[in-house]
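Asker: pasting the structure only:
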């Protein structure tokens, strides 16, 4: 019986650590309400599946164009990223979960590092998301 409990504990720990994205409870009321609207619109627009979104949440950045376009859609609907690929810093600070406030500078660095390449907008935001994930996979913000 003790071996069974140990095995169950290991499985639970393994499962919980494989889902390292920021929990909704840490979003804050304002961001949580907005993310549901952005998510619903962007799923319809891009055709991304929940399975593809879950892969993104867990740092599995494949080469799926729908998933890449979903990320661009989220950034654009949020108005945090302007069409000229500049960040609306006051809005970013307003909606940034308190737990992530210390990463604001890293978000800006990821934007600057990624947008210098002359690629499609959805490729740029995909690169930004990967950079942000790599900077802090435990609290990655993806909805």
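Answerer: Sure, I can see it. No experiment lies behind these values; they were computed from the predicted model shown.

Asker: what bits of this protein have low per-residue confidence?
Answerer: Applying pLDDT under 70 to the chain picks out residues 1-32, 115-118.

Asker: buried ones in stretch 107-126?
Answerer: For stretch 107-126, the neighbour count (16 or more other C-beta atoms under 10 Å) marks 107, 110-111, 114-115, 121-126 as buried. Any C-beta I mention is one placed from the backbone N, CA and C, and that applies to glycine too.

Asker: My error: substitute stretch 66-74 in the last question.
Answerer: In terms of neighbour count (16+ other C-beta under 10 Å), stretch 66-74 has its buried residues at 67-74.

Asker: cool, stretch 136-143 as well?
Answerer: Neighbour counts over stretch 136-143 (16+ other C-beta under 10 Å) mark 136, 139-143 as buried.

Asker: just stretch 87-95 next, same as before
Answerer: 87, 92, 95.

Asker: Run through the helices of the protein in chain order.
Answerer: For the chain, the helices defined by DSSP state H occupy 2-18, 29-46, 50-57, 65-78, 89-95, 104-115, 121-135.

Asker: Counting by contacts, list what the shortest one packs against.
Answerer: Secondary-structure packing of helix 89-95 (3 or more C-beta pairs under 8 Å, 6 or more residues apart in numbering; DSSP states H and E): helix 29-46, helix 104-115.
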